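Trainee: Make a model of this:
(chains A and B)
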Amino acid sequence: MPQDIYDKIMMLAKRRGFIYPSFEIYGGVAGFYDYGPLGSQLKNNIEKIWREYYLLKDKCVEISTPTVTLYEVLKASGHVDEFTDLTVDCKKCKQSYKVEDIIDEKLSVENAIKEEKVKCPNCGVKLKDVHPVNLMFSTKIGIGKSRDAFLRPETAQGIFTDFHLLYRYAREKLPFGVIQIGRGYRNEVSPRQGAIRLREFSMAEAEIFFDPKDKKHPNFEKIKDEQIILFDNIKETKITFEKAVKDKVIDNQALAYYIYLTQDFLLSTGIDAKKFRFRKHGENELAHYATECWDAEIYSERFGWIECVGIADRSAYDLRSHIESTNTDMYAIKKFEKPKTVKIKKITPKMDALGPLFKGKAGKIKNILENMVIKDITKLLIEIDGETVEIPDNCYEIVEKIEKQAMEKFVPHVIEPSYGIDRILYCILEHSYNETEKKGVEYRLLKLNINVAPIKVGVFPLINDQKLVKIAREIDLDLRNAGIATYYDDGGTIGRRYARMDEVGTPFCLTVDHETLKDKTITIRDRDTTKQKRKKLDEIVVYIKDKL
RNA sequence: GCGGAUAUGAUCUAGUGGUUAUGAUAGUGGCUUCCCAAGCCACUCACCCGGGUUCAAAUCCCGGUAUCCGCACCA
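Mentor: This next block holds a predicted model:
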C-alpha cells in the first residue's frame, strides 16, 4: 500500500515519541492515542500559547471542573436528548439492545415502554430498565444508591453551571470570559480518521458572556482592519473584519473578534495560512444550542478540510436551560443611568374567592398571577399543570402602580470559541512535515515553529573529547537553567545528531568544536537552512531566549 | 453498524504446512576524532489475539481486535 503523508507522520510520531496508539499491547482501541514524551511537550506548548491569547490578551479567567458530569446538567443542556438511543439489557442473555430495534414496528418506542411490550429477541423475556444511551460515555457516581452521570462531551457546561459564582468574581460586569482546557469524551460509533476523530480528546474552550444588546468587544477597534480568510462554500476570499460585521457576514463584533483571535492563534502555532480558512455553518448544520457558528478549517492532505475550532454564538441557550431546571439566579444585572419610573399594572389575587374555587391549586395560581405581565385582558387564562384554566374576574383586581426601576435583569449571551487541541496538533505536524533527499537517502524534517517545538536546542560536542564534552554539558545546563528545553547528544556522528534533531523539529543546534577551546565561540546551526554562525559562548543563552 | 482488503522486531519487508524466520533502516556498546543519517566490529528486538484442522500452523479454517477502502451514522 502506498504511504501517504498521514502514514509517514504517524510512523515518525511513533518512532520519535510524539504519538502512540493506546493499549497497543492489548490490540489497541480505535479512537484512543497516547502522547509520548515529545507529543506531550508539543501539546503543552500549544496550550501554553493558547493561554497567552485568552488569559493575557483577552483577560479571561481559567477554571477547572470535573470530567464526570451529573446527568441532570447534560439533560438541561440538551445533550441527553440530542442523540439518544433507548436500550435495554437482558440479564439472562447478557446482551444489550436498542429498543427501537426489537419492538413491533407499529409501536412507538414510548408506547412500547409504557405498555411493557419490550421483549428480548433471543429468549422472549420481558425487559425493563430501559435506559437512554447516546454518544456520551455513561457512568455512575457512587455504589448502590448511585446517581447517573456522563463523561462530559464538552468542557463548557462546567463553566455554565458556575456562572453565578463567576459573574460575582467578575464583579458583576459584562463582558467577561472564562476558559477551560481539559478532556472531553464522545463514544463515537465508528472513529475512522485515526488521530483526528478521538473518543477521548483535549479541548480548549472559552465562554465569553455578553449583554445581548451590546455584543461589542473592547479590542475590536484594534483589529478591525485585519482580514479574515473566508470560505463561502464556493470560493475563498479575504475581507476586513470591519466590513464583515458591517455587511452582517458576521453577526456581531464579539463573534468577529474571536474569529480574529482564533486566526491569529493558529497562524502563530505554525499552521500554514494557505491551508486555513473560516466557514460559516448553514442553518441546517447548526448544533442545537447555536444561533451562528463559524468553523476554523485546516487543510490536511489526508483528510481534506478538518474542523479544528468552532466559534459559536450560543445566545442565552445554556444559562436559560440551567435557570429553568434549577431556579438558580443566573441573570446579569444592568443598572440604568437614571432609575426609570414606570407605570405597571399588577394583579392582586383575591384569596377569599380564589381559595374556595381552586382549593389545592390556589397557592400556585396566586404565584403565577402576581408575576404576570399584563396586557389588555378580557379573559384571564393561565396554564397550570398542563391545563388551561380561566380565572373568573371576581377572583382578582387589577391595580395600577408607579414603580421605580433602578436596573433590569437579563440572561447574558455567550460566544464560545471551542478548540480541538489534538486536531490542531496533528495539522501542525502535517504542515511542518518536509521530505527531501540527502545523498539519495530520504531525509525527514519537521519545520516546527519555535514556539511549539518540544526541544528548542540540541547541544553537541563535535567529537567525544572530554574537553569538548565538558563545555557542551555546561552550556546544556545553562540553557536548561534559563528555562530552555534542550537535548544533549554525543552519540554517533555529528551528521546523525543533526538529522535526529531535524526529524523532531528542533530549530537550533549548538556544537562545541576545537575552536571553542581557543576563542570561546560555538557554532549555531539553523534547522531550515542548515547554515552555521559562530556566537560567543557567554551570549548564547540570551541569543536563544530572544528567539522565543 | 454492514461489505471488502490487510496484520512478521521501533520502522519497512522476505517467507504460502516442516527454516536456527530473510534483509534493510533505526537503536545500543566499542573503534574511528569527525560539521550534516560516513565506515568497521559486536549486540538487542518480531510471526495481532483466541479457538480449530494436522504428526507438524507465521503459513490452512473459524471467531475476535486493530488499520485501510466503500456504505451508513455523526459534526
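Trainee: What pairs with the strand or helix carrying A:Asp34, parallel or antiparallel?
Mentor: Secondary-structure element containing A:Asp34, defined by DSSP states H and E: strand A:33-35. For strand A:33-35, sheet partners with direction are given as strand A:19-21 (antiparallel), following DSSP bridges.
Trainee: tell me the mean pLDDT for the strand it pairs with?
Mentor: When pLDDT is averaged over strand A:19-21, the result is 90.
Trainee: Show me the contact partners of it.
Mentor: Around strand A:19-21, the neighbours that count as contacts under C-beta atoms under 8 Å, 6 or more residues apart in numbering are A:10, A:13-14, A:28, A:32-36, A:39, A:195. To be clear about C-beta, it is placed using only N, CA and C from the backbone, and glycine gets the same treatment.
Trainee: Just give me the neighbour total for A:Tyr167.
Mentor: By other C-beta atoms under 10 Å, 22 other residues sit near A:Tyr167.
Trainee: before we move on, back to that, need the max-distance pair from the contacts of strand A:19-21.
Mentor: The two members of those with the most space between them (C-beta to C-beta) are A:Gly28 and A:Gly39, at 16.6 Å.
Trainee: more crowded one of the two?
Mentor: Neighbours per residue (other C-beta under 10 Å) separate A:Gly28 from A:Gly39, with A:Gly39 holding more: 22 against 13.
Trainee: what sits against that one?
Mentor: Applying C-beta under 8 Å, 6+ apart, one finds that A:Gly39 lies in contact with A:13, A:17-19, A:425, A:454.
Trainee: so which pair among the residues you listed is furthest apart in space?
Mentor: Between any two of the contacts of A:Gly39, the greatest separation by C-beta to C-beta is 13.9 Å, found for A:Gly17 and A:Leu425.
Trainee: ok, those two, which is more surrounded?
Mentor: For A:Gly17 and A:Leu425, the more surrounded residue by other C-beta under 10 Å is A:Leu425, and the numbers stand at 25 against 17.
Trainee: Touching, the more buried one and A:Gln41? I think so.
Mentor: No: taking contacts as C-beta atoms under 8 Å, A:Leu425 lies outside contact range of A:Gln41: 11.0 Å.
Trainee: Any stretches of the stretch 351-500 of chain A with poor pLDDT?
Mentor: Low-confidence regions of the stretch 351-500 of chain A, defined by pLDDT under 70, span residues A:363-364, A:366-378, A:383-386, A:401, A:439-440.
Trainee: Residues of it that sit close to RNA strand B?
Mentor: Along the stretch 351-500 of chain A, the residues adjacent to RNA strand B under the rule C-beta under 7 Å from any atom of the strand are A:438-439, A:441, A:443-444, A:462-465, A:491-496, A:498-500.
Trainee: hmm, which helix or strand of chain A has the shakiest average pLDDT?
Mentor: The helix or strand with the lowest mean pLDDT-type score in chain A, counting by mean pLDDT, DSSP states H and E, is strand A:95-98 (a mean of 56).
Trainee: What count of nearby residues applies to A:Ile25?
Mentor: Neighbours of A:Ile25 using other C-beta under 10 Å come to 6.
Trainee: Longest strand of chain A, counting residues only.
Mentor: Scanning chain A for the longest strand, with DSSP state E as the assignment, gives strand A:332-349.
Trainee: Next up, phi/psi of A:Lys275, please.
Mentor: A:Lys275 adopts backbone torsions of phi -120, psi 40, taken as degrees, to the nearest 10.
Trainee: And for it, nearest residue in space, chain neighbours not counted?
Mentor: Distance criterion C-beta to C-beta, 6 or more residues apart in numbering; nearest residue to A:Lys275, sequence neighbours excluded, is A:Tyr299 at 3.7 Å.
Trainee: measure A:Lys14 to RNA strand B for me?
Mentor: Using C-beta to the nearest atom of the strand, to the nearest Å, one gets 5 Å for the distance from A:Lys14 to RNA strand B.
Trainee: Mind telling me what element that residue is part of?
Mentor: helix A:5-15.
Trainee: isn't A:Val469 right next to A:Phe460, touching?
Mentor: No: counting by C-beta under 8 Å, A:Phe460 is not a contact partner of A:Val469; they are 9.6 Å apart.
Trainee: shared neighbours of these two, anything?
Mentor: When contacts are counted by C-beta under 8 Å, 6+ apart, A:Val469 and A:Phe460 have A:Asp490 as shared neighbours.
Trainee: any idea how chain A splits into domains?
Mentor: A:5-66+A:152-318+A:414-423, A:87-134, A:334-405, A:455-547 (automatic domain parsing).
Trainee: Could you tell me the least trusted of those?
Mentor: Comparing mean pLDDT across the domains of chain A, the weakest is domain A:87-134, with a mean of 60.
Trainee: A:Met136 belongs to a strand?
Mentor: No: the assignment for A:Met136 (DSSP: H, G, I helix; E, B strand; the rest coil) gives coil, which keeps it out of a strand.
Trainee: Run a quick neighbour tally on it.
Mentor: 24.
Trainee: The residue nearest to it when sequence neighbours are not counted pairs with what?
Mentor: Spatial nearest neighbour of A:Met136, excluding adjacent residues (C-beta to C-beta, 6+ apart): A:Phe150 at 4.2 Å. With DSSP bridges applied, A:Phe150 shows beta-bridge pairing to A:Thr69, A:Ser138.
Trainee: A:Phe150 and A:Val414, how far apart?
Mentor: Here the distance between A:Phe150 and A:Val414 works out to 21 Å (C-beta to C-beta, to the nearest Å).
Trainee: residues near the residue in the stretch 201-350 of chain A that RNA strand B sits nearest to, how many?
Mentor: Distances from the stretch 201-350 of chain A to RNA strand B, computed as C-beta to the nearest atom of the strand, single out A:Ala287 as the nearest residue at 4.5 Å. Burial measure for A:Ala287: 13 neighbouring residues, criterion other C-beta under 10 Å.
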